[in-house]
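Colleague: give me coordinates for this.
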Amino acid sequence: MTTYQTLTVAPAPADGPGASDRPRRASASGTDPDEACLHYEQVWGGRGFRAQAVDEPFTYRCSSVDDGRVTLLTSTFGGRLHGEVPWPDRYAVGWFREGAGSVDHRRGGHRSRASDPFPLPTELPYELRLSPHVQHVVQVEPAFLEETARERHGGPAQLVVLDGSEAPAPEAVQGWRRALAAVTGPLVEVGTSPLLRAEAQLVLVHAILDLFPWSVSDVPATVRSVGPGRLRDAVDFVHEHAHEPITPSDVAAAAGLHPRTLQQSMSRQLGASPAAYVRQVRLDRVHAELLRAAPREVHVADVATRWGFGNLGRFSAAYARRFGEQPRETLRR
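Modeller: Residues are numbered from 1 along each chain as shown. Got it, this is the predicted structure:
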């Protein structure tokens with residue numbers, strides 16, 4: 001027998017003093033592995049989920065609290081779970097109280113390390129494998145995390161790539177746990193004021209940004225809005241390999257497109273040829289490095305050369321067209 005209950009608390013009027021969404025609670029539990037898979041497909045935005053009971057009787061329980069910006073999810077699952085998540089559209093951090101799991105995707109993957117928190121991919125398809133577990137997941141609405149991250153990197157709001165390839169430092173994990181302990185109450189309580197809720201949301205997002213190394217990827221909004229596809233594969237390939245000597249043919253092959261088709265698609269959607277788009281991304285990387293650099297420790301020519309710009313005159317002109325200032329002015333900021 002499976003039970004499912006959803007409790008929705010209507011948000012306050014958008015223009016009123018309680019404009020922030022209040023938490024919506026949902027829970028599901030039962031003993032049927034097939035029904036469990038259907039529910040977890042909804043929770044993860046997945047497909048093809050399969051469950052294998054380990055102990056009898058099989059049971060599962062999944063509960064969540066969602067205030068529109070942040071979702072707190074707890075899952076207890078009495079079997080193995082395997083499935084695909086074709087397009088995860090929120091930022092997420094998970095950790096296990098019991099059990100373990102793995103995430104595999106084209107950039108590599110992650111294996112759980114005891115109770116250490118780990119990031120789940122955003123806008124990157126992945127395969128999920130979980131043993132019998134008790135797991136917690138925090139999900140964050142993309143625009144909120146990206147706007148918070150821009151306060152740190154100084155550029156526009158962009159896709160944030162959280163790096164989970166190494167275990168977080170112990171002090172970072174301790175900070176994460178302290179932040180969770182401080183914000184869980186305000187996030188799950190219906191009566192929390194909008195100001196306290198907003199502060200708790202910010203504390204949690206800053207804790208995520210402190211937990212893992214991260215970078216931003218300037219994937220154009222026009223490409224992000226259409227979701228997965230071959231053009232998005234091409235754009236992601238450029239961002240992932242911009243530091244390598246890639247050619248337009250390499251980009252087309254990675255996306256499974258004929259070079260001419262890629263040329264037409266990029267020109268139509270991005271207003272740039274594949275070669276021009278690669279140069280734009282590399283200019284953005286130079287700009288980011290100069291913003292972070294100490295003026296007396298870094299030379300513009302060294303950074304430009306490292307990113308493939310051999311003619312410094314043409315580089316400076318292209319840089320000025322893109323950013324409205326000379327590279328040396330960026331470095332002085």
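Colleague: tell me how far the strand or helix carrying Val93 lies from the chain's centre.
Modeller: Per DSSP states H and E, Val93 falls inside strand 91-98. Centroid separation between strand 91-98 and its chain, computed with Cα atoms, centre = their mean, to the nearest Å, is 14 Å.
Colleague: so what touches that strand?
Modeller: 101, 112, 114-120, 122, 132-140, 142, 145, 160, 162, 208, 211 (Cβ atoms under 8 Å, 6 or more residues apart in numbering). C-beta coordinates here come from the backbone N, C-alpha and C atoms, glycine included.
Colleague: okay, buried residues for it please.
Modeller: Tyr91, Ala92, Val93, Gly94, Trp95, Phe96 (16 or more other Cβ atoms under 10 Å).
Colleague: export these as TSV, with columns for pLDDT and distance to Thr71.
Modeller: Below are these laid out as TSV (pLDDT from 0 to 100; distance: Cβ to Cβ, whole Å):
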residue	pLDDT	distance to Thr71
Tyr91	98	11
Ala92	98	9
Val93	98	11
Gly94	97	12
Trp95	97	15
Phe96	97	18
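Colleague: burial of the residue lying closest to Arg80 once chain neighbours are set aside, as a residue count?
Modeller: Distances taken as Cβ to Cβ, 6 or more residues apart in numbering put Gln52 closest to Arg80, at 4.4 Å, once the chain neighbours are dropped. Gln52 has 11 neighbours, counted by other Cβ atoms under 10 Å.
Colleague: do the same with Ala318
Modeller: 18.
Colleague: cool, and Arg80?
Modeller: Neighbours around Arg80, by other Cβ under 10 Å: 18.
Colleague: separation between it and Pro125?
Modeller: To Pro125, Arg80 is 21 Å away according to Cβ to Cβ, to the nearest Å.
Colleague: next, the angle strand 91-98 makes with whichever strand or helix holds Glu84.
Modeller: Glu84 belongs to strand 79-85 when elements are defined using DSSP H and E. Going by axes from the mean of the first three to the mean of the last three Cα atoms, to 10 degrees, strand 79-85 is angled at 170 degrees with respect to strand 91-98.
Colleague: from Ala179, how far off is Asp236?
Modeller: For Asp236, the distance to Ala179 - Cβ to Cβ - is 30 Å.
Colleague: one more: Pro213?
Modeller: 18 Å.
Colleague: C-terminal to the strand holding Val93, what's the next element?
Modeller: Counting by DSSP H and E, the next helix or strand C-terminal to strand 91-98 is strand 101-105.
Colleague: mean confidence for that next one?
Modeller: Averaging pLDDT along strand 101-105 gives 96.
Colleague: CA atoms of it as CSV?
Modeller: C-alpha atoms of strand 101-105 as CSV (Å, rounded to 0.1, in the frame of the first residue of the first chain):
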residue,chain,number,x,y,z
GLY,A,101,25.6,6.2,-4.1
SER,A,102,27.2,7.4,-7.3
VAL,A,103,26.6,9.9,-10.1
ASP,A,104,28.1,9.4,-13.6
HIS,A,105,28.1,11.9,-16.4
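Colleague: which residues are contacting that strand?
Modeller: By Cβ under 8 Å, 6+ apart, the residues outside strand 101-105 that reach it are 94, 109-112, 118, 120-121, 124-131, 133, 135.
Colleague: if you set the cut-off to 10 Å instead, what comes out?
Modeller: 77, 80-82, 84-85, 88, 94, 109-112, 118-121, 124-131, 133, 135, 164 (Cβ atoms under 10 Å, 6 or more residues apart in numbering).
Colleague: who does that strand pair up with?
Modeller: Sheet pairing of strand 101-105 (DSSP bridges) gives strand 108-111 (antiparallel), strand 126-130 (antiparallel).
Colleague: helices of this structure, start to end?
Modeller: 33-44, 142-153, 170-188, 194-211, 221-224, 230-241, 248-255, 259-270, 274-292, 300-306, 312-323, 327-332 (DSSP state H).
Colleague: what are the buried residues along the shortest one?
Modeller: Within helix 221-224, the residues that qualify as buried are Val223, Arg224, counting by 16+ other Cβ under 10 Å.
Colleague: can you check the second one too?
Modeller: Neighbour counts using 16+ other Cβ under 10 Å place Pro142, Phe144, Leu145, Glu146, Thr148, Ala149, His153 of helix 142-153 among the buried residues.
Colleague: export those residues to CSV and tack on pLDDT and distance to Pro33?
Modeller: Shown next, in CSV, are those (pLDDT from 0 to 100; distance: Cβ to Cβ, whole Å):
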residue, pLDDT, distance to Pro33
Pro142, 97, 32
Phe144, 98, 35
Leu145, 98, 34
Glu146, 97, 37
Thr148, 97, 39
Ala149, 95, 39
His153, 82, 44
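Colleague: sorry, back to before: now the strand holding Glu84: mean pLDDT?
Modeller: For strand 79-85, the mean per-residue pLDDT is 98.
Colleague: just the CA trace of it, in PDB.
Modeller: Provided in PDB are the C-alpha atoms of strand 79-85 (Å, rounded to 0.1, in the frame of the first residue of the first chain):
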ATOM      1  CA  GLY A  79      16.600  -1.100  -1.900                       C
ATOM      2  CA  ARG A  80      18.900  -0.200  -4.700                       C
ATOM      3  CA  LEU A  81      17.800   2.500  -7.100                       C
ATOM      4  CA  HIS A  82      19.100   3.200 -10.600                       C
ATOM      5  CA  GLY A  83      17.900   5.700 -13.200                       C
ATOM      6  CA  GLU A  84      18.700   8.600 -15.500                       C
ATOM      7  CA  VAL A  85      18.200  12.300 -14.900                       C
END
